[in-house]
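Visitor: my questions are about this predicted structure, shown below with the sequence.
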Amino acid sequence: SQKIEQNSEALNIQEGKTATLTCNYTNYSPAYLQWYRQDPGRGPVFLLLIRENEKEKRKERLKVTFDTTLKQSLFHITASQPADSATYLCALARYGGSQGNLIFGKGTKLSVKP
Amino acid sequence: DTGVSQNPRHKITKRGQNVTFRCDPISEHNRLYWYRQTLGQGPEFLTYFQNEAQLEKSRLLSDRFSAERPKGSFSTLEIQRTEQGDSAMYLCASSPPTATEAFFGQGTRLTVV
């Protein structure tokens, strides 16, 4: 069955540094992969989507890469700020399902210390 | 219309009782999804509506769970004979026809005691 894994439950970094989060998947070749941010007690908020034919996508201080050979996506936050502290989830569409039938990883909880 | 709205935000119920949650999607979003999230886990897909038609249901959705979306607008998720294992955050999301990303509501946190 399809699996999606985020290999760090928690990541602590210093303000100003670059945070790098990893998402790995197995048993599937998704057409695209998505990243969401979730704050405590709130629903996830969509950040970025990267398609299989895109190597890299950027949005302000965020950068996502997608390596379909390694079956891995990396999510980077440059010049991190305490306000970036949250849980970051990666997700891909379930094979054979609708576009909204997403499989989510467990998330990586990022803490940015001032 | 500022986003997906879910009510109530919190619900505490006794085991065996029935509960119903409501989701109002972003207007003009024809696709609506329900997810469940437990502590330390990512959201798990439950069911999907396109307009008023329920097109997908997860095996997680036991026969105690039922969802409706009359007239393709708001949706309700009902859980009958609640069990302690049903305690979770229930998330609703919607998408417009051409988008791939989901817009989530704030969720309804259910506690079964």
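Guide: Received the coordinates, thanks.

Visitor: would you check that my belief about A:Arg61 contacting A:Ala83 is correct?
Guide: No: shown here, A:Arg61 and A:Ala83 do not form a contact pair, counting by Cβ atoms under 8 Å, at 11.0 Å. Every C-beta, even on glycine, is put in place using the N, C-alpha and C of the backbone.

Visitor: what's the lowest-mean-pLDDT helix or strand in chain B packed up against?
Guide: Least confident helix or strand, chain B: strand B:53-57 with a mean of 93, by mean pLDDT, DSSP states H and E. In terms of contacts (3 or more Cβ pairs under 8 Å, 6 or more residues apart in numbering or on different chains; DSSP states H and E), strand B:53-57 is packed against strand B:44-50.

Visitor: between strand B:44-50 and the least confident helix or strand of chain B, find me the angle.
Guide: With axes from the mean of the first three to the mean of the last three Cα atoms, to 10 degrees applied, the angle from strand B:53-57 to strand B:44-50 works out at 160 degrees.

Visitor: partner strands of strand B:53-57, parallel or antiparallel?
Guide: Partners of strand B:53-57 in the sheet, by DSSP bridges, are strand B:44-50 (antiparallel).

Visitor: quick one: residues contacting A:Val64.
Guide: By Cβ atoms under 8 Å, 6 or more residues apart in numbering or on different chains, A:Val64 lies in contact with A:33, A:35, A:48, A:50, A:56-58, A:73-76.

Visitor: please redo it, this time with the cut-off set to 6 Å
Guide: By Cβ atoms under 6 Å, 6 or more residues apart in numbering or on different chains, the contact list for A:Val64 reads A:48, A:50, A:57, A:75.

Visitor: over to A:Ile4?
Guide: Applying Cβ under 6 Å, 6+ apart, the residues near A:Ile4 are A:25, A:103, A:105.

Visitor: got the residues you listed as JSON lines, with secondary structure and distance to chain B columns?
Guide: As requested, the contacts of A:Ile4 are arranged in JSON lines below (DSSP: H, G, I helix; E, B strand; the rest coil; distance: Cβ to the nearest Cβ, whole Å):
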{"residue": "A:Tyr25", "secondary structure": "strand", "distance to chain B": "13"}
{"residue": "A:Ile103", "secondary structure": "strand", "distance to chain B": "7"}
{"residue": "A:Gly105", "secondary structure": "coil", "distance to chain B": "5"}
